[in-house]
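K.L.:
Got a sequence here, can you build the structure:
(chains A, B, C and D)
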Amino acid sequence: MSAVSTRPNLSAAAEHDELRRTVRQFLADMPPVRSVMEATEGFDRAAWRRMAEQVGLQALLVPERYEGLGQGATEANVVFEEMGRALYSGPYFASAALAVYVLLCSGDEAACRDLLPGIAAGTTIATAALDGSSAPILHGHVADLLLVTDGSSLFAVDAGIQAQPIDSLDLTRKLATVKFERGSARPVGKEGGAPKTIAAATDRALVCLAAEEAGGAARCLEMSVAYAKQREQFGRPIGSFQAIAHRCVEMLQRVEFARAAARYAASCLDEETGEFPIAARVAAAYCGQAYRWVAGESIQVHGGIGFTWEHDAHLHYRRAWADEALLGTTDQHYLAIADRLGL
Amino acid sequence: MSAVSTRPNLSAAAEHDELRRTVRQFLADMPPVRSVMEATEGFDRAAWRRMAEQVGLQALLVPERYEGLGQGATEANVVFEEMGRALYSGPYFASAALAVYVLLCSGDEAACRDLLPGIAAGTTIATAALDGSSAPILHGHVADLLLVTDGSSLFAVDAGIQAQPIDSLDLTRKLATVKFERGSARPVGKEGGAPKTIAAATDRALVCLAAEEAGGAARCLEMSVAYAKQREQFGRPIGSFQAIAHRCVEMLQRVEFARAAARYAASCLDEETGEFPIAARVAAAYCGQAYRWVAGESIQVHGGIGFTWEHDAHLHYRRAWADEALLGTTDQHYLAIADRLGL
Amino acid sequence: MPELPEFLAAAEAWLEAGYSRVATEQRGRFRWGEGSDEVHVFQEPDPVEEADAVPRIRAWRAALWDGGYGWISGPKEYGGAGLSRSYEAAFNRLTRKFDVPGDAALTVSLGMIAPTILRHADEGQKRRYLPALYRGDLIACQLFSEPGAGSDLASIESKATPEGDGWLITGQKVWTSGAHLADIGEIICQTSPGPRHHNLTAFLVDMHAPGVMVRPLRQMTGGAAFNEVFLDGVRVPGDARLDAVGEGWRVALTTLSHERSAMGHSSFGGAGILSTERLMELVRHAGNAHDSVVRRDFGELITQLRVARYAQEVMAERARAGQPPGPEIALNKLALSANMAALAGFVAGVLGPKVIADTGEWGTYAWTSVVLGAPGYRLGGGSDEVLKNMIAERVLGLPRPS
Amino acid sequence: MPELPEFLAAAEAWLEAGYSRVATEQRGRFRWGEGSDEVHVFQEPDPVEEADAVPRIRAWRAALWDGGYGWISGPKEYGGAGLSRSYEAAFNRLTRKFDVPGDAALTVSLGMIAPTILRHADEGQKRRYLPALYRGDLIACQLFSEPGAGSDLASIESKATPEGDGWLITGQKVWTSGAHLADIGEIICQTSPGPRHHNLTAFLVDMHAPGVMVRPLRQMTGGAAFNEVFLDGVRVPGDARLDAVGEGWRVALTTLSHERSAMGHSSFGGAGILSTERLMELVRHAGNAHDSVVRRDFGELITQLRVARYAQEVMAERARAGQPPGPEIALNKLALSANMAALAGFVAGVLGPKVIADTGEWGTYAWTSVVLGAPGYRLGGGSDEVLKNMIAERVLGLPRPS
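P.N.:
Now for the predicted structure:
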């Protein structure tokens, strides 16, 4: 489809059912997130290896010429929805989406050839810090490969990384302060090419994040509806009260629209339609807001029990609020949309 | 009380009950707003004269030395709540509050002596255009006296006014395009003193407008609750459905808080507390938003009938939306609050 | 079945023969200050213009029908072309290149009543009404709401009582669009004192029959997009009954689900008042394109409008893949009413004083129609509350909210 | 009755004698980067600090009581000073000038349970408990919520069965604040299988009695501001019953209305986390004081916080003028939960990445406690939904929502 078309083909959905089932089953068989989130690494190394060996998920977005599966954003959309539902705590988003997109968007053939196969095999855990600051880095404490920028150029660092995980709002996606030796940094892409590469990679990664958020929101809705059917107050299921029922409908609205937004943006990316730069930020803004809202309302529907440490509601709530500051805030997305439309 | 205190005395409320009853009764005895709003002048001249002669409302805020009643913002608060409830369509706000405050804030003793007695007696209808543009002027088509500015100084114009009422959103408060002879303009206050005078007068007039909006919102709530008790759907009063009941509670919340905000700001003005500049804009922003929201929800509670021309709901809705642009928008109030607090 | 390209080539030739092309640069493109600045929120046609337009629309439908394009996706036995919906959609896109009358005035006729007839009518009724509706020989309206029964169809009080071979209908209907143009009306009446939802029956009533009186209903915008319809002992024949006695509620649900779908379709930001270009021009001309608060608000509004469109396209694609939308289609209607309210807030903020008084400046005061129309969107086509009840029960499987 | 100035002069002298003055410039004033940057949303005391604090608080209350300031507005027959509430308020303001322990840990004891006892207890109970509570000899907690009965008190399953002269209580309570410090608890139990709301009775149970077990309940913030309390065949004497058998629901309503009032009191932006100065410093240090979107949002937040304060002051004034607030006091609680949510959104927006990970920067990550605590405000002290039902029925006179 030509680059000027703004309407992507959305027809591939059905054939992804199998992929969805596989990923969902794999994630269901993993150790529960509560059992790993308090460990230092914050995820299960053995399951990470199985994910690579049995399902090959880390290779999903890596082109075949770099030993990947060469799948598109549409397939990633399905995988990330499932990751979000399961609150997967490993470095999947950082390594298999963010870092992969940075390398691909850099256009640095040699770096891709050297670095992508390890990421695809799951033997290299990569992450990226794209704002040029010393802010904490996603999964920095388990990263073998760091993509960083000085604001002008990109560098890959794969040795001498000193990292310290730190307290963070999201208990299921760790952040770390990272120091590394400048000397060990390898330039990636053209000198001065970082801003363009980062902008392109950020748009792409945002679409994965949006799908993850849509999946998380869908899970919150599911828990809420199930609870509203079963919990009785005043002699009847609380879901029969309009205050609860209508809130669940508003949650459904956001979940359905969030899923559609992420799905649509993914199709725009795969088909290179002119709508992509808008659709990416629309999905990012909408899904982020939707997840935050749905996760909050889910606590409310659950009442007291939803406010306890033991209930999973707060893990979603924490994830949703932490996402807000990961790759730009909602307001930044809104402003980007105005810019890109040429206002 | 000293100018640095931020806590006004709020105890005068009880003694205003009599004033409230008088004004409410007077407004109830007037021709219904629907019968006058489609006439060219948009209000009833005879009732305006009775208002001056029998109740003296036009003189309320005019100091006694200018032949007024010398009442304060607290008394005006009561009167404007009632005006808002009744959707009074005459030039009361423009003449008895806005123009009076502009003259008083100008500190121009001679102008006050010459012009205020006529306003207090209701024989002069005054209005003000404070943004220096050629935008339509509130009640300009019936104004005997126009307070205008060139952005630097203030002027009073009382002859050669040519005005044309124009279509406006608010059917119960007319606007007009106005032309006048520069030659007949009399300077008011110090040369270059307009910005200061206008800022002070605007804050004061906003407190009256806020009270009017709180009163309008209270009326919308009243109509909605009465309808929700009486209208049956699905075999029971609609007010017994949580969706309607909770909405009415949210309306009540805004109405009560709006009334309190306007009342509090009025007390701050009367007692010259340091909180006044903040309280004025807080009341303006909150009451404007509250009225707009409550008027809209009131249509929704009334269902189809609320969307008809014949029902009064839309008259409040129109008034509420038109108020937004009268003396600054909500966003401008928010920004002013940030400025004034020294952020 | 012709291949799509052939079909389109033939269609283009047919259109070319009868209608002039719209210059490409005029099409869809919004230009500040050009032409009318009207902001259409409801169809509130000028009576004079309307008298002129209706014959043109009827002629266009007749030409379409006679050319074989009147009902492209319709079954052949009722005069349709028997092609898939994608052919119909492609043809509709093609017509935008030509200067032809729109079908907006026939939204109820073709978007709501015809599908109801296709689903609920008997063979004879289908043959009689479907070609006539698609050919524009008949225009239909929907007679559901009553002053005492807004959202609650089960409290309908209009009564149909058997008389001879037919029925005698008496009652009052309200919020009817286009009743003054309609030849027939789908009416729901009480036919027994029986239990709620089982006491209703649907009929197709001749709007020109003696005893039918149509009166315009003025809504808060000032215009009259709707009617009140009074029926005083109107005789209808036995074959005017749609589906069985007591099935009126089910018939009404079919019509309502099409209504929501038709309304939801306008929820995305592609054309007309929701056009991105038009909104940007508004912001620029109002002089606050550089105000970052306005830019942020604009980004938020566009996000809401686009997401509604994306969701609709994803749903449409699922439908094409054989998963026709169920009751969740009503989510689009909820999005539409929310988006209209958001639009009202945005334009009022951008225009400030220019939206409260008509200074004659092009494209400013005209936006009051959005401010005044927004509340109607929350009420029409199923109020937000009624739709939420329905979705809670039928999509989420929650106990019936009460 | 002493005149207020005399009263205050004497009080100041008394305070001066026992406590040191807080330097004026320290008082209330927030300074960026100084001291702890903790953001207190719930009382989640450190167990060690708490062990230290409670004896100090008890000593302070005892000194107050013995000095005649322990219950200034209380009736003389129960040891109060019999003065008006304005004296009490003036004294409380005065104490802020001195380095004295606050009464925050006694909010339930003095703000909720004591007023309930004053209204519902018999003469003997009043004489026994009121002085002890105000003197700090006893600390009370509230035992209402249960795992199966959150907002719906009528489904309480804890049972009190008559045994000898007294009762035997068995059940489980949850969301109890300060149960681990409390000497007595106001508990609501089922005492008959009778009709809803008439089957409940209130008791004052000794928290040190055999069979009472208190366990901390960890909430989503990570801390444990609340407890679970298990009662396994706890024997209470006959005179532990508060008001008549079957009156438990009415007793509970009294306590709850005081709870809402106590919670609502924190809804305004004067001190602590809602302090305007603290928020402005936050914005400045986050580096976006010149961002007009942030300034606009700040103005909006301040508007909400101030209006809540103004409304409370207007209500308080009405109360002083002899119109004590009715159930509409719960509007303050609704405002509080909305304002906490608005605050969470605002600080998260201002801090961006700084609120999601603890980099050690002063006064940044500490605000996560607002993000994590906000949902609790909507649930505690009557959920938004339950309060809205109550207000709809009792303030607006709507039919009981269902």
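
K.L.:
So which bits of the stretch 151-300 of chain A are right by chain C?
P.N.:
Along the stretch 151-300 of chain A, the residues adjacent to chain C under the rule CB under 8 Å from any CB of the partner chain are A:225, A:228-229, A:236-237, A:239-242, A:245-246, A:248-250, A:252-253, A:256-261, A:263-265, A:278-279, A:281-282, A:285-286. C-beta here means a position set from N, CA and C on the backbone, and glycine is covered the same way.

K.L.:
mind listing the helices for the stretch 251-400 of chain C?
P.N.:
C:276-285, C:292-320, C:330-351, C:368-379, C:384-394 (DSSP state H, counting those that start in this stretch).

K.L.:
nope, chain A is what I was after
P.N.:
Secondary structure of chain A (DSSP state H): helices at A:17-28, A:33-37, A:45-50, A:73-86, A:92, A:100-106, A:109-121, A:194-230, A:242-270, A:276-302, A:313-323, A:330-341.

K.L.:
looking just at contacts, which helices and strands does the last one meet?
P.N.:
Helices and strands touching helix A:330-341, by 3 or more CB pairs under 8 Å, 6 or more residues apart in numbering or on different chains; DSSP states H and E, are helix A:276-302, helix C:292-320.

K.L.:
Which among those helices is found nearest to D:Val370?
P.N.:
Ranking those by distance to D:Val370, with CB to CB as the measure, places helix A:276-302 first at 13.0 Å.

K.L.:
Next, count neighbours for the closest residue to C:His198 other than its chain neighbours.
P.N.:
Nearest residue to C:His198 in three dimensions, chain neighbours excluded: C:Gly246, at 5.1 Å (CB to CB, 6 or more residues apart in numbering or on different chains). C:Gly246 is flanked by 16 other residues according to other CB atoms under 10 Å in any protein chain shown.

K.L.:
Let me see the contact set for C:Gly246.
P.N.:
Neighbour list for C:Gly246: C:Thr191, C:Ser192, C:Gly194, C:His198, C:Asn199, C:Leu200, C:Thr201 [criterion: CB atoms under 8 Å, 6 or more residues apart in numbering or on different chains].

K.L.:
dump the residue contacts of the residue in the stretch 151-300 of chain C positioned nearest to chain A.
P.N.:
Minimum separation of the stretch 151-300 of chain C from chain A (CB to the nearest CB) falls at C:Gly299, amounting to 2.8 Å. Neighbouring residues of C:Gly299 by CB under 8 Å, 6+ apart: A:Arg281, A:Ala285, A:His333, A:Tyr334, A:Leu335, A:Ala336, A:Ile337, A:Ala338.

K.L.:
And the strands in chain C, which stretches?
P.N.:
C:140-143, C:159-163, C:166-177, C:184-190, C:200-206, C:212-217, C:226-236, C:241-242 (DSSP state E).

K.L.:
and of the ones you listed, who's closest to chain B?
P.N.:
Here strand C:166-177 is closest among the strands of chain C (CB to the nearest CB), at 5.6 Å.

K.L.:
mind saving the C-alpha coords of the closest one as PDB?
P.N.:
Coordinates of each C-alpha in strand C:166-177 appear next as PDB, following Å, rounded to 0.1, in the frame of the first residue of the first chain:
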ATOM      1  CA  GLY C 166     -57.500  -4.200  10.000                       C
ATOM      2  CA  TRP C 167     -56.600  -2.000  13.000                       C
ATOM      3  CA  LEU C 168     -57.500   1.300  14.400                       C
ATOM      4  CA  ILE C 169     -54.600   3.300  15.800                       C
ATOM      5  CA  THR C 170     -54.800   6.200  18.300                       C
ATOM      6  CA  GLY C 171     -51.900   7.800  20.100                       C
ATOM      7  CA  GLN C 172     -49.200  10.400  20.100                       C
ATOM      8  CA  LYS C 173     -45.600  10.100  19.000                       C
ATOM      9  CA  VAL C 174     -42.700  12.400  19.500                       C
ATOM     10  CA  TRP C 175     -39.100  13.000  18.400                       C
ATOM     11  CA  THR C 176     -39.800  11.700  14.900                       C
ATOM     12  CA  SER C 177     -37.300  12.800  12.300                       C
END
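
K.L.:
what's it packed up against?
P.N.:
Taking 3+ CB pairs under 8 Å, 6+ apart as the contact cut, strand C:166-177 packs with strand C:140-143, strand C:159-163, strand C:184-190, strand C:200-206, strand C:212-217, strand C:226-236.

K.L.:
the domain parsing of chain C - what is it?
P.N.:
As assigned by automatic domain parsing, chain C contains the domains C:36-134, C:140-251, C:269-394.

K.L.:
returning to that earlier point: of all the contacts of C:Gly246, which comes closest to D:Ala338?
P.N.:
Of these, the one sitting nearest to D:Ala338 (CB to CB) turns out to be C:Leu200, at 42.9 Å.

K.L.:
Can you tell me which residues in the stretch 51-200 of chain C are near chain B?
P.N.:
Counting by CB under 8 Å from any CB, the residues of the stretch 51-200 of chain C that sit close to chain B are C:Ser145, C:Pro147, C:Ala149, C:Gly150, C:Ser151, C:Asp152, C:Ala154, C:Ser155, C:Val174, C:Trp175, C:Arg196.

K.L.:
Which of these ranks first by neighbour count?
P.N.:
C:Trp175 leads those on contacts (other CB under 10 Å) with 26 neighbours.

K.L.:
Give me the residue ranges of the chain where confidence is low.
P.N.:
No chain in the question, so chain A it is. Regions of chain A meeting the criterion pLDDT under 70 cover residues A:1-7, A:9-15.

K.L.:
actually it's chain C I care about, not the one you picked
P.N.:
In chain C, residues with pLDDT under 70: C:24-30, C:43-45, C:150-151, C:262-272, C:401-402.

K.L.:
now the farthest one out in it, which residue is it?
P.N.:
Here the centre of chain C is the reference, and by CA atoms, centre = their mean the most remote residue is C:His290, at 37.6 Å.

K.L.:
any idea how far that one lies from C:Pro353?
P.N.:
Applying CB to CB, to the nearest Å, the value for C:His290 to C:Pro353 is 19 Å.

K.L.:
related to what we said a few turns ago, and the residues of the stretch 51-200 of chain C next to chain B as a markdown table, adding distance to B:Leu104?
P.N.:
Converted to a markdown table, those look like this (distance: CB to CB, whole Å):
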| residue | distance to B:Leu104 |
| --- | --- |
| C:Ser145 | 54 |
| C:Pro147 | 52 |
| C:Ala149 | 56 |
| C:Gly150 | 51 |
| C:Ser151 | 53 |
| C:Asp152 | 56 |
| C:Ala154 | 61 |
| C:Ser155 | 58 |
| C:Val174 | 52 |
| C:Trp175 | 51 |
| C:Arg196 | 64 |
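
K.L.:
Sort out for me which of those residues are in helices.
P.N.:
Among those, no member falls in helices (DSSP H).

K.L.:
Now flag whichever of those is closest to D:Leu372.
P.N.:
The closest of these, once distances to D:Leu372 are taken by CB to CB, is C:Ser151, at 39.9 Å.

K.L.:
C:Ala321: how many residues sit nearby?
P.N.:
Neighbours of C:Ala321 under the rule other CB under 10 Å: 13.

K.L.:
Verify the stated contact: C:Val229 with C:Pro216.
P.N.:
No. C:Val229 lies out of contact with C:Pro216 (CB atoms under 8 Å); the separation is 10.8 Å.

K.L.:
Neighbour count: the two, which is higher?
P.N.:
The neighbour comparison of C:Val229 against C:Pro216 (other CB under 10 Å) goes to C:Val229, with 27 against 15.

K.L.:
Distance of the more buried one relative to C:Glu146?
P.N.:
10 Å.

K.L.:
hey, what's in contact with both of those two?
P.N.:
Residues touching both C:Val229 and C:Glu146 (CB under 8 Å, 6+ apart) are C:Gln172, C:Lys173, C:Val174.
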